[in-house]
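**Q** dropping the sequence and predicted coords here.
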Amino acid sequence: MSKVKHTKSNPRDVNRRQFLASSAKAGCVMGLVGLGITATATQSRQLDSLAIRPPGALGEDDFLSACVRCGLCVEACPYDTLKLARWFDGAATGTPYFTARNIPCEMCEDIPCVKVCPSGSLDHGLEKIEEAKMGIAVLIDEKNCLNFKGLRCDVCYRVCPLIDDAITLERQHNQRSDHHAMFLPTVNSDTCTGCGKCEHVCVLEESAIRILPAHIALGKTAEHDTYINTEETTLEMLNKGLSL
Amino acid sequence: MNDSSKAGFAQAAIDELGWWRAHKFLFLRRASQLSVLTLFAIGPWFGLWILKGNLSSSELLGTVPLSDPLVTLQVLMTGHIPELTLILGALFITVFYVIAGGRVFCSWVCPVNLVTDSASWLRRKMNLPRLGEMPRNLRYYLLGLVIVLPLLTGITVWEWVNPVPILYRAVLFGAGSGLWILLAIFLLDLFISERGWCGHLCPTGAMFALFGKLSPVKVSAVNAKACDNCMDCFDVCPERQVLKPALKGKQMMITDSDCTQCGRCIDVCAQRVFQYQNRIALKAENNQ
Ligand code: SF4
Ligand code: SF4
Ligand code: SF4
Ligand code: SF4
Ligand code: SF4
């Protein structure tokens, strides 16, 4: 098509000026849109920290960069454990999570949910389901737990797939009645997989034992902390002539 | 033109060709969009697994991986190296649309198209005036943004709001609470900017338009001389700026990759101006 020639100003200048102006405008709009989307994302991310992810899930930050929200893991799970999060569901929209109290993970031997994940946000390196760390069970309410009251409920203990390993009953003298023992359900955070079966079966109206994501359930010593091996450290301090 | 518009939109084409031929590609397109969705949905609904997953990433018959190239690119931009299946899936989809025509995705597969087409249909019914247009290249800026944000934030932020998978997840997994985004798009298209979402903003559509640049499949104004300026194709085309060069210019073929290859212009034209054509085959013929 032929261009109409303007006599006064050079049309190429006008075009360039228009182009720059519209680009600048578009740039500003995009900046705002970018901020908006990022704000929405980071906002809803605050909700995520309590979400219990499928077995093999990367750490929350890496998980959020990797998961493409395809739902293949959800469809692979034979027990309907996994759900895709809806808006404001307590996890980033479209990412998989589960609510142990409703349907816990059955710890399938062949881990079908991990196998199908195309993005690797569920780590294919996880080969034994016993090594999964979906979360850590924490006996969160010692006041209402029936075993802490001196009764022998033991339900959480008995349902655990890693009974006497991930969860044990620790015998303790009952100071209230003075002649009974209490058997306190105690979770070993090294072996607990976070499958949530204990939380699922707890007989109380609200479970006294709950699965928390590892980053919330576990304490952490600082990198530079040398007091990890107490015995060695004590000897070292004695050798150096420091007072204890 | 005037009496036909009084009688209803595209009445001339219906009179001339019959209702079916004046709606053929619209009908086929709806059938295609709904069948893709159905093939996904019969899995979780009835346990018939032909396609597993959703448009973001899926498995065809339990073996062939398919994934959205834009989602895959976002994951790569965060620095995460995904499983090979995701990358292969993205390659398959890219190759398919480079051949079939990029925005064929928009008109024949994307579920959001159902929403925006109905907004535009309602707009035509209600005779709403055309307000100021947004620039059409906004979508390319948005595409750039969607690719750069994961680099800056480390997360695939766009997937929080992307309406395409949101609609799929709502149907397949009952995750309906994101649907307000689709309502927002519907209202935007209806009251604020005609074809506002698909025609000006959607970064997925922008990416597919880039893929479609090389595609052999094009709509062509083979019979441009017969055009009687009824403007029906302009009224119905979601990217009407692509029509003028073909109708008025020297070049018959609609080469602009913004054309969604929806074929509605073929449907509504009583004069049968338009046709699907294969430009590679045509070129070969002309060279003989
Ligand atoms: S291990 Fe089995 S039960 Fe647990 S989430 Fe995966 S598929 Fe479901
Ligand atoms: S299969 Fe992997 S990428 Fe897909 S939703 Fe599950 S965790 Fe996310
Ligand atoms: S979550 Fe409960 S049931 Fe599962 S391994 Fe840990 S202690 Fe056992
Ligand atoms: S432009 Fe986007 S929303 Fe519209 S049809 Fe295409 S992919 Fe779907
Ligand atoms: S030119 Fe025709 S095929 Fe292309 S988008 Fe417009 S109506 Fe659809």
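**A** Done, it's in. Ligands and ions are numbered 1, 2, ... in the order given.
**Q** which intervals of chain A have sub-threshold pLDDT?
**A** Residues of chain A meeting the criterion pLDDT under 70: A:1-26, A:29, A:40-48, A:176-179, A:222-230, A:242-244.
**Q** helices along that one, start to end?
**A** With DSSP state H as the criterion, chain A has helices at A:11-45, A:60-66, A:72-76, A:112-116, A:155-159, A:197-201, A:214-217, A:230-239.
**Q** which strands and helices sit next to the fifth one?
**A** Contacts of helix A:155-159 with other secondary structure elements, assessed using 3 or more Cβ pairs under 8 Å, 6 or more residues apart in numbering or on different chains; DSSP states H and E, are made with strand A:167-173, helix A:197-201. Bear in mind the C-beta positions are built from the backbone N, C-alpha and C, glycine included.
**Q** find the closest residue to ligand 2 in the stretch 1-150 of chain B.
**A** The stretch 1-150 of chain B approaches ligand 2 most closely through residue B:57 (6.2 Å), counting by Cβ to the nearest ligand atom.
**Q** and that residue, how many neighbours?
**A** 31 (other Cβ atoms under 10 Å in any protein chain shown).
**Q** got it, and the one 5 residues further on?
**A** Residue B:62 has 10 neighbouring residues, counting by other Cβ under 10 Å.
**Q** ok, now which ones touch it?
**A** By Cβ atoms under 8 Å, 6 or more residues apart in numbering or on different chains, the contact set of residue B:62 is B:49, B:52.
**Q** element containing it, please.
**A** Of the helices and strands defined by DSSP states H and E, none includes residue B:62.
**Q** from residue B:83, how far off is it?
**A** Distance of residue B:62 to residue B:83, given as Cβ to Cβ, to the nearest Å: 16 Å.
**Q** for residue B:147, same thing?
**A** 21 Å.
**Q** near residue B:123, how many other residues are there?
**A** Other residues close to residue B:123 by other Cβ under 10 Å number 17.
**Q** that one: what secondary structure?
**A** Residue B:123 carries the three-state label helix when classified by DSSP: H, G, I helix; E, B strand; the rest coil.
**Q** and the pLDDT for it?
**A** Among the per-residue scores, residue B:123 shows a pLDDT of 85.
**Q** Provide a list of residues in contact with it.
**A** Listed by Cβ under 8 Å, 6+ apart, the contact partners of residue B:123 are B:189, B:190, B:194.
**Q** wait, a helix at the second one?
**A** Spelled out, it's residue B:190. Yes: assessed with three-state DSSP, residue B:190 lies in a helix.
**Q** once you drop chain neighbours, what's closest to it?
**A** residue B:119 (4.4 Å; Cβ to Cβ, 6 or more residues apart in numbering or on different chains).
**Q** quick one: buried residues of the one helix or strand the one you found maps to?
**A** Using DSSP H and E, residue B:119 sits in helix B:112-125. Of the residues in helix B:112-125, B:112, B:113, B:114, B:115, B:116, B:117, B:119, B:120, B:123 count as buried by neighbour count, 16 or more other Cβ atoms under 10 Å in any protein chain shown.
**Q** now those in JSON lines, with distance to ligand 5?
**A** Formatted as JSON lines, those follow (distance: Cβ to the nearest ligand atom, whole Å):
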{"residue": "B:112", "distance to ligand 5": "15"}
{"residue": "B:113", "distance to ligand 5": "11"}
{"residue": "B:114", "distance to ligand 5": "15"}
{"residue": "B:115", "distance to ligand 5": "17"}
{"residue": "B:116", "distance to ligand 5": "12"}
{"residue": "B:117", "distance to ligand 5": "11"}
{"residue": "B:119", "distance to ligand 5": "16"}
{"residue": "B:120", "distance to ligand 5": "11"}
{"residue": "B:123", "distance to ligand 5": "15"}
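**Q** quick one on the thing from earlier: just name the most buried of the helices and strands packed on helix A:155-159.
**A** helix A:197-201 (a mean of 23; mean count of other Cβ atoms under 10 Å in any protein chain shown).
**Q** in CSV, list the C-alpha atoms belonging to it.
**A** Extracted in CSV, the C-alpha atoms of helix A:197-201 (Å, rounded to 0.1, in the frame of the first residue of the first chain):
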residue,chain,number,x,y,z
LYS,A,197,-2.7,-42.2,58.6
CYS,A,198,-2.3,-41.4,62.3
GLU,A,199,-4.0,-38.0,61.9
HIS,A,200,-6.7,-39.6,59.9
VAL,A,201,-7.7,-42.2,62.5
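**Q** helices and strands around it, which ones?
**A** If contacts are counted by 3+ Cβ pairs under 8 Å, 6+ apart, helix A:197-201 sits against helix A:155-159, strand A:209-212.
**Q** how far off centre is the host helix or strand of residue B:247?
**A** Using DSSP H and E, residue B:247 sits within helix B:243-248. With Cα atoms, centre = their mean, to the nearest Å as the basis, helix B:243-248 stands 20 Å off its chain's centre.
**Q** so for that helix, what gets flagged as buried?
**A** Neighbour-count burial for helix B:243-248, counted by 16+ other Cβ under 10 Å, picks out B:243, B:245, B:246, B:247.
**Q** nearest spatial neighbour of the second one, skipping sequence neighbours?
**A** In other words, residue B:245. Nearest to residue B:245 is residue B:251, by Cβ to Cβ, 6+ apart, at 6.3 Å.
**Q** which SSE is residue B:209 in?
**A** helix B:203-211.
**Q** right, and the helix or strand after that helix?
**A** Immediately after helix B:203-211, counting by DSSP H and E, sits strand B:217-220.
**Q** which positions within that following strand qualify as buried?
**A** B:217, B:218, B:219, B:220.
**Q** from the residues you listed, pick the one nearest ligand 5.
**A** Nearest member of those to ligand 5, counting by Cβ to the nearest ligand atom, is residue B:219, at 4.4 Å.
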